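Participant: Generate coordinates for the sequence data below:
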Amino acid sequence: MKKTPFFILMLFTAFFLQAQDIIEWRNNRTGIYSSETGLLKEWASDGPKLLWHYDGLGEGHSSVAIANNKIYVTGLVDGEGHLFVFDIYGKILKKKPYGDEWDKSYNGSRGTVTINDGNIYIFSGTGNLICMDINTYEIVWKKNIEDFGGSNIRWGICESPLIIDNKVILSVGGKQHNIVALNKKDGSLIWSSPGKGDLSSYCSPLYISNQEVSLIITTMEKNIVGLEAQTGKLLWYHKYENDRQIHPNTPVYDGKDMVLITNGYDLGSVMLRLKNGGRSIEKVWENHDIKSQHGGIVKIGDYAYIGGDRRSSKFWHCIEWNTGKVMYKDNTITEGVVIADGDGMLYMYSERGEMALVKPTPEKFDLVSIFMITMGTEQHWAHPVLHKGILYVRHGNTLMAYLVK
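Facilitator: Below is the predicted model:
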């Protein structure tokens, strides 16, 4: 692990001690790190200050989760899934095996862990949901998708557990038990929905609480589905099928009534409007050329910023939210992942390893700074994380922490 100068450690210690935030998948599934304000508006030519790095995570592209000033991430080491826990200085506090992990294609851990109410929830690529005590790291309970008649998918389960009140929501993909809500304390079944009977499809679901009925939206193998959060009742669905049945991007909600779903491959993007208090939908627009394979979407103001697709659309897009109008497309950097800070600056991490700072504007791709991620192994697929002025980048075997405040 790289050593960090004492004065730098004291600087970002002060930032961390101000709050005890919990960071899960894409912060709160939006990709917007709204509390991260006043960050650097430009980086040095070789990138921001590297505070520390750790080599030894094993295989995988799961992102980090953060809680109580500790950093949690998973990886495949010696044929077994492991949870790694670090303090804010990069010191490893715990390395805990949790069982089998995906080792059949693009090996390694996938879904980001979820921290909630004293427990750690890990949904492995092999379909195991593990509930682990956050203090002892002992397994409290464990379930597998096969317990509910589900089966795994071509490249392994890639879902970050969604927790609503006392319920853990999982897309298990069975015909009868298609999407389930389990009691977060003991794993018992609270409700089960047959949905549309599709297999799961790599998507981490979204929770919407400000409609007349609270609902869960996710994309399964052939359909986008909306379920009543309290009961699992299927409220609506929208046909959404491609040739690979791959839908990794969590839907993005504008906080009012519109939900954007994007996909790589041939489907592109579709905008749905929630109607009747969330009980029904209408299609607002669709565009088969606007795509993101698994890099997510961020909405800033009236525009959305979307990555690209390795197979066909290797462009970053800026689109008008309400209409789907393309404001520009650009391939200055390779397609990849996008997140944003609280001031709206875009952080784009490409599949080639470029880390770019981009100013959001509908007029052009306004690249401010760029540097290469040279440490690490395999694919540049893990979504970066911002927390207390630190940019965390996981590249396969390596976790890096950059000072961006």
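Participant: distance of the closest residue to residue 405 other than its chain neighbours from residue 23?
Facilitator: The shortest distance from residue 405 to any non-neighbouring residue, by CB to CB, 6 or more residues apart in numbering, is to residue 389 (2.8 Å). No exception for glycine: its C-beta is placed from N, CA and C like everyone else's. For residue 389, the distance to residue 23 equals 13 Å [CB to CB, to the nearest Å].
Participant: Then residue 247?
Facilitator: For residue 247 relative to residue 23 (CB to CB), the value is 24 Å.
Participant: Between those two, tell me which one has more neighbours.
Facilitator: Higher neighbour count among residue 247 and residue 23: residue 247, with 28 against 23, using other CB atoms under 10 Å.
Participant: Hmm, the residue nearest to residue 405 is touching residue 37, no?
Facilitator: No: Residue 389 is beyond contact range of residue 37, at 9.8 Å (criterion: CB atoms under 8 Å).
Participant: where does the stretch 201-350 of the chain have low pLDDT?
Facilitator: Scanning the stretch 201-350 of the chain for pLDDT under 70 picks out 311-313.
Participant: residues in contact with residue 298?
Facilitator: 30-32, 252, 304-305, 338-340, 346 (CB atoms under 8 Å, 6 or more residues apart in numbering).
Participant: again, 7 Å this time
Facilitator: The neighbours of residue 298, taking CB atoms under 7 Å, 6 or more residues apart in numbering as the test, are 31-32, 304-305, 338-340, 346.
Participant: Over to residue 193?
Facilitator: 178-179, 227, 232, 234.
Participant: how about those in CSV, adding distance to residue 378, neighbour count and secondary structure?
Facilitator: Below are the contacts of residue 193 laid out as CSV (distance: CB to CB, whole Å; neighbours: other CB atoms under 10 Å; DSSP: H, G, I helix; E, B strand; the rest coil):
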residue, distance to residue 378, neighbour count, secondary structure
178, 32, 26, coil
179, 31, 28, strand
227, 35, 26, strand
232, 37, 21, coil
234, 38, 17, strand
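Participant: Which of the residues you listed sits closest to residue 218?
Facilitator: Nearest to residue 218 out of those is residue 179 (CB to CB; 7.2 Å).
Participant: Surely that closest one and residue 227 touch.
Facilitator: Yes: judged on CB atoms under 7 Å, residue 179 makes contact with residue 227 at a distance of 6.3 Å.
Participant: What separation is there between residue 300 and residue 30?
Facilitator: 11 Å.
Participant: try residue 327
Facilitator: From residue 327 across to residue 30, the span is 20 Å (CB to CB).
Participant: The two - which one has more neighbours?
Facilitator: Applying other CB under 10 Å to residue 327 and residue 30 shows that residue 30 carries more neighbours, namely 20 against 16.
Participant: Not counting its neighbours along the chain, what's nearest the more buried one?
Facilitator: Nearest non-adjacent residue to residue 30 (CB to CB, 6+ apart): residue 252, at 6.7 Å.
Participant: close enough to count as contact, the one you found and residue 258?
Facilitator: No: between residue 252 and residue 258 there is no contact under CB under 7 Å: 9.1 Å.
Participant: neighbour-wise, which of the two wins?
Facilitator: The neighbour comparison of residue 252 against residue 258 (other CB under 10 Å) goes to residue 252, with 24 against 18.
Participant: show me what contacts the more buried one?
Facilitator: Residue 252 neighbours (CB under 7 Å, 6+ apart): 30, 259-260, 297, 299.
Participant: Please name the nearest non-neighbouring residue to residue 375.
Facilitator: residue 398 (4.6 Å).
Participant: hang on, that neighbour packs against residue 53?
Facilitator: Yes: proximity of residue 398 to residue 53 meets the contact threshold set by CB under 7 Å, at 5.9 Å.
Participant: Run through the strands of the stretch 201-350 of the chain in chain order.
Facilitator: Secondary structure of the stretch 201-350 of the chain (DSSP state E, counting those that start in this stretch): strands located at 206-208, 215-219, 223-228, 234-239, 252-253, 258-262, 269-275, 280-287, 297-300, 303-306, 316-320, 326-330, 336-341, 346-350.
Participant: Kindly reformat the ones you listed as CSV containing distance to residue 393.
Facilitator: Below are the strands of the stretch 201-350 of the chain laid out as CSV (distance: least, CB to CB, whole Å):
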stretch, distance to residue 393
strand 206-208, 24
strand 215-219, 26
strand 223-228, 30
strand 234-239, 34
strand 252-253, 22
strand 258-262, 23
strand 269-275, 26
strand 280-287, 30
strand 297-300, 17
strand 303-306, 19
strand 316-320, 19
strand 326-330, 22
strand 336-341, 10
strand 346-350, 7
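Participant: so which of those comes closest to residue 156?
Facilitator: strand 215-219 (16.7 Å).
Participant: Next, the angle from that closest one to strand 223-228.
Facilitator: Interaxial angle, strand 215-219 versus strand 223-228 (axes from the mean of the first three to the mean of the last three CA atoms, to 10 degrees): 170 degrees.
Participant: how many other residues sit next to residue 103?
Facilitator: 16.
Participant: Need the pLDDT of it.
Facilitator: pLDDT recorded at residue 103 is 95.
Participant: my guess is it contacts residue 77, does it?
Facilitator: No: when contacts are counted by CB under 7 Å, residue 103 is not listed as touching residue 77 (11.1 Å).
Participant: neighbours around residue 42, how many?
Facilitator: 10.
Participant: my bad, should have said residue 277
Facilitator: Residue 277 has 12 neighbouring residues, counting by other CB under 10 Å.
Participant: any idea how far it is from residue 259?
Facilitator: Remark: distance between residue 277 and residue 259 (CB to CB) = 14 Å.
Participant: One more: residue 112?
Facilitator: According to CB to CB, residue 112 stands 21 Å off from residue 259.
Participant: Pick out whichever of the two has more residues nearby.
Facilitator: For residue 112 and residue 259, the more surrounded residue by other CB under 10 Å is residue 112, and the numbers stand at 28 against 22.
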